[in-house]
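Asker: coords please:
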Amino acid sequence: MVHIEQNKISLCLLILSCFLNHALCAHSISSQNQNININNDILIGVGIILNMESPMGKAIHSCITMAISDFYALRHSYKTRIVIHTRDSEGDPDKALSSVYNLLKKAKVQAIIGPETHLPSKLLSLAADKAAVPIFSFASPSSREHPYLFQIKQDESSMAKSIAALVKSYNWMNVIFVHEDNDDGTEILKYLAGSFQEKNIRISYRSSISASATYDSITQDLRKIMTFHTAVIIIHVSPALASSLILNAKRLGMVSEGYAWILTEKTVDLLRSTNFTVIESSQGALGFRSYVPPSDRLHSLTTKWHNFFYRNNFTSITKEVPVPALWAYDTIWALAESVEKVGVPHNGSMLLHEVLKIRFKGISGDFKLSEGKVLSNGYEIMNAVDNGERRVGYWTLSEGIRRAHPHINIDRLYPSLGSEAVVWPGGSTTTPKGWVLRATPSNRLKIGVLKTKNFRYFMDVEHDVKKNVTTATGFSMDVFNTCIRALPYEVPYTFISFENCTYDDLVQKVYNEEIDAVVGDSTILANRSEYVDFTATYTDLGVGTLARIKKKDIWFFLRPLMDIYLWLVAIGSLIFNGFIVWAIERMNPDSNGSTTQQNGRLLSGWTFLLTILFVQSSPSFSLRCFYSLK
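Answerer: Coordinates of the predicted model:
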């Protein structure tokens, strides 16, 4: 009996040993060769390097998982199957680079997707070329010299060109660029500088902010930005850092009328924040997002993603599927299709060749890899309005800026989005000038206006004693306001009313620096020009005659005929000219003609001379007239 029990125990141990040996063998095959599974499918290892603690990393990983499930659900007959090996970079570039070497050497993966953390492209490309394994990075730029490194994001040069086109469309000549203190910020800066230089746009100031910047350091940087007159601010930081930045800017009064905030694709998800305070603070900002054509597949994926991912990760910064996650989805489909065509694992050159040939209609649009980059569909330009965002235009490399909803012709191109399309910070629909004088009570321009009862159509001044506010209307004010609006920057000013004064007094006050300028219907006189400068006259009088009129007289134009000297000169001239005509007639008796003809010629000559004499004598009369100038 004991012997039988011992045999049973030995048999159980033998079976357990065989099971463990089989499991170890299977694990060895899976980790080293990854060639087949129990269904005789060829397993292809693909490495995934993401920051699994970040909302973006989680979103990308969820879309990769859904892509594998959706792809093989439609292709049951395929003999290959992608198996992912995920590594958490924790947002650390060194750990991300270490994960790359770990996946290439130990996991023996045949492709890598990630990281979304910016890594030196030189190190990443050398690792990819040496192992002959395609790497699809969300951050590091590709290069023609390194064919195995791909960039599955919008090209920095396209981003720079789109921003430059928008800035130029509003005739802004100066901008401020705020970027994160990393290689990504430095990378896009050189493209921005080149695109801006082509359009004569200058970066007035560049601010570099650390990802771990404190509240006080961000406030200090913003206060320095406020010292510049440029009011167009371009932000290229992560959405998390942008949230802190925009909240501080709102508190300092920088997200207000006169400012323009432009968010790059890296920052634009700020507009989809779940934090109401952030949404409220970013009202009026413009942002660029990669354009994704609408489709049934996109709608289906968005619904699935929202149900299975967003509800379980409600702290995610965005309610929508991030565009990098859509690119990751399409990349998995491209890889799965390519490895099926290759069929043989560990053949990087053949896989690279198939990946470069692949073309298909993906979730993100037409998927194609050209020069190591995904095909760009351009950008949609978003405007933060109310509790969300509104599409106000598009940008493509071939067409430039295009409105989202043209009023007349949908195919017509526009040089800008149009002021009626965009709501700017502060709720204004007036396009910011892009340049503003920092107004304080001590440095606002003091404009002197003269309060008089005469010529109110030119200048009418009213002063509210209770509110201590001076308002001015009239033609002169219309001219002044038109000139101010035409300036490429804001000019803060205040009116100062003067009574019982003359324009000579106001001119003297400008000369004494008591006020900065005078607006009104003052006359340009020589003695005044010695003290101040005048603008060009804004009334189109041409050459005219000025005379004092005591009362209305419709026969005023006959006044020159009342001058006795005029008639004496006229009579003398007529007698003299008559004598000349008579003398000529007497010297040529053959051409005299009849007496009627002679009298007619004499009369016409006298009439002509009288007209010339009247015209010539009028200026002399007008010079003797005068007008009481103001």
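
Asker: For the nearest residue to residue 335 once chain neighbours are set aside, which residues are in contact?
Answerer: In this structure, residue 335 finds its nearest non-sequential neighbour in residue 111, 5.5 Å apart by Cβ to Cβ, 6 or more residues apart in numbering. C-beta: built from backbone N, CA, C; applies to glycine. By Cβ atoms under 8 Å, 6 or more residues apart in numbering, the contact set of residue 111 is 44, 46, 47, 133, 134, 135, 136, 335, 351.

Asker: If you rank those residues by neighbours, which is first?
Answerer: residue 135 (29 neighbours; other Cβ atoms under 10 Å).

Asker: partner residues bridging that one?
Answerer: On the basis of DSSP bridges, residue 135 is bridged to residue 112, residue 149.

Asker: show me what contacts it?
Answerer: Residues counted as contacts of residue 135 (Cβ under 8 Å, 6+ apart) are 100, 111, 112, 124, 125, 127, 128, 148, 149, 150.

Asker: Report the separation between it and residue 380.
Answerer: 29 Å (Cβ to Cβ, to the nearest Å).

Asker: Unless I misread the structure, residue 380 falls within a helix.
Answerer: No - according to DSSP: H, G, I helix; E, B strand; the rest coil, residue 380 belongs to no helix; its state is strand.

Asker: ok, for it, nearest residue in space, not its chain neighbours?
Answerer: Per Cβ to Cβ, 6+ apart, closest to residue 380 is residue 291, 4.6 Å.

Asker: Just confirm that neighbour contacts residue 378, I think it does.
Answerer: Yes - Residue 291 sits in contact with residue 378 when judged by Cβ atoms under 8 Å, with a separation of 5.0 Å.

Asker: what about the helices in the stretch 1-150 of the chain?
Answerer: In the stretch 1-150 of the chain, the helices defined using DSSP state H, counting those that start in this stretch lie at 2-28, 55-74, 93-105, 121-131.

Asker: Tell me where the model's unsure across the stretch 451-600 of the chain.
Answerer: Applying pLDDT under 70 to the stretch 451-600 of the chain flags residues 488-489, 539-561, 588-600.

Asker: for it, what spans make up the strands?
Answerer: 460-464, 469-473, 493-498, 517-518 (DSSP state E, counting those that start in this stretch).

Asker: now these in JSON lines, with mean neighbour count and distance to residue 258?
Answerer: Formatted as JSON lines, the strands of the stretch 451-600 of the chain follow (neighbours: other Cβ atoms under 10 Å; distance: least, Cβ to Cβ, whole Å):
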{"stretch": "strand 460-464", "mean neighbour count": "16", "distance to residue 258": "25"}
{"stretch": "strand 469-473", "mean neighbour count": "16", "distance to residue 258": "21"}
{"stretch": "strand 493-498", "mean neighbour count": "17", "distance to residue 258": "14"}
{"stretch": "strand 517-518", "mean neighbour count": "18", "distance to residue 258": "21"}
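
Asker: Of those strands, which is nearest residue 239?
Answerer: Closest approach to residue 239 among those is made by strand 493-498 (39.1 Å; Cβ to Cβ).

Asker: Tell me which residues are up against that closest one.
Answerer: With Cβ under 8 Å, 6+ apart, strand 493-498 has contacts from 444-451, 461, 463, 470-472, 484, 505-506, 515-516, 519.

Asker: if you set the cut-off to 10 Å instead, what comes out?
Answerer: Applying Cβ atoms under 10 Å, 6 or more residues apart in numbering, the external contacts of strand 493-498 come out as 437, 439, 441, 444-452, 461-464, 469-472, 477, 480, 484, 505-506, 509, 514-520.

Asker: Now do it against strand 460-464, angle only.
Answerer: 100 degrees (axes from the mean of the first three to the mean of the last three Cα atoms, to 10 degrees).

Asker: can you give me how far strand 493-498 is from the chain middle?
Answerer: Relative to the centre of its chain, strand 493-498 is centred 36 Å away, using Cα atoms, centre = their mean, to the nearest Å.

Asker: Now do it and strand 469-473, the angle between them.
Answerer: 90 degrees.

Asker: Strand 493-498 pairs with which strands?
Answerer: strand 445-450 (parallel).

Asker: hmm, back to that, adding distance to residue 425, write the strands of the stretch 451-600 of the chain out as TSV.
Answerer: Compiled in TSV, the strands of the stretch 451-600 of the chain are given as follows (distance: least, Cβ to Cβ, whole Å):
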stretch	distance to residue 425
strand 460-464	29
strand 469-473	25
strand 493-498	22
strand 517-518	29
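
Asker: Specify the stretch among those that is closest to residue 530.
Answerer: Checking those against residue 530 by Cβ to Cβ gives strand 517-518 as the closest, at 15.2 Å.

Asker: what ranges do the helices span in the stretch 251-400 of the chain?
Answerer: For the stretch 251-400 of the chain, the helices defined by DSSP H, counting those that start in this stretch cover 276-281, 296-308, 323-342, 348-357.

Asker: highest average neighbour count across those?
Answerer: Most buried of those by mean neighbour count (mean count of other Cβ atoms under 10 Å) is helix 323-342; its value is a mean of 23.

Asker: Low-confidence ranges, the stretch 101-250 of the chain, go.
Answerer: Applying pLDDT under 70 to the stretch 101-250 of the chain flags the ranges 121.

Asker: And the strands in it, which stretches?
Answerer: Counting by DSSP E, counting those that start in this stretch, the strands of the stretch 101-250 of the chain are 111-113, 135-137, 149-151, 174-180, 202-209, 232-236.

Asker: Dump those strands to TSV, plus distance to residue 323.
Answerer: Below are these laid out as TSV (distance: least, Cβ to Cβ, whole Å):
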stretch	distance to residue 323
strand 111-113	15
strand 135-137	15
strand 149-151	14
strand 174-180	19
strand 202-209	23
strand 232-236	16
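
Asker: wouldn't residue 428 be in contact with residue 490 here?
Answerer: No - taking contacts as Cβ atoms under 10 Å, residue 428 lies outside contact range of residue 490: 11.7 Å.

Asker: Contact partners for residue 479?
Answerer: Residues counted as contacts of residue 479 (Cβ under 10 Å, 6+ apart) are 458, 519, 521, 535, 538, 539.

Asker: OK, contacts around the second one?
Answerer: Meaning residue 519. Contacts of residue 519 (Cβ under 10 Å, 6+ apart): 447-450, 459, 461, 472, 474, 476-477, 479-481, 483, 493, 495, 506, 535.

Asker: again with the third one
Answerer: With contacts taken as Cβ under 10 Å, 6+ apart, residue 521 has the following neighbours: 450, 452, 454-455, 457-459, 474-476, 479, 503, 538-539, 630.

Asker: now with 6 Å?
Answerer: 458, 459, 476 (Cβ atoms under 6 Å, 6 or more residues apart in numbering).

Asker: how deep is the residue nearest to residue 380 tucked in, by neighbour count?
Answerer: Neighbour count of residue 291, defined by other Cβ under 10 Å: 19.

Asker: Use 47 as the first number for this chain going forward.
Answerer: With the count now opening at 47, the last piece we talked about shows up as residue 337.

Asker: any idea how far residue 436 is from it?
Answerer: According to Cβ to Cβ, residue 337 and residue 436 sit 15 Å apart.
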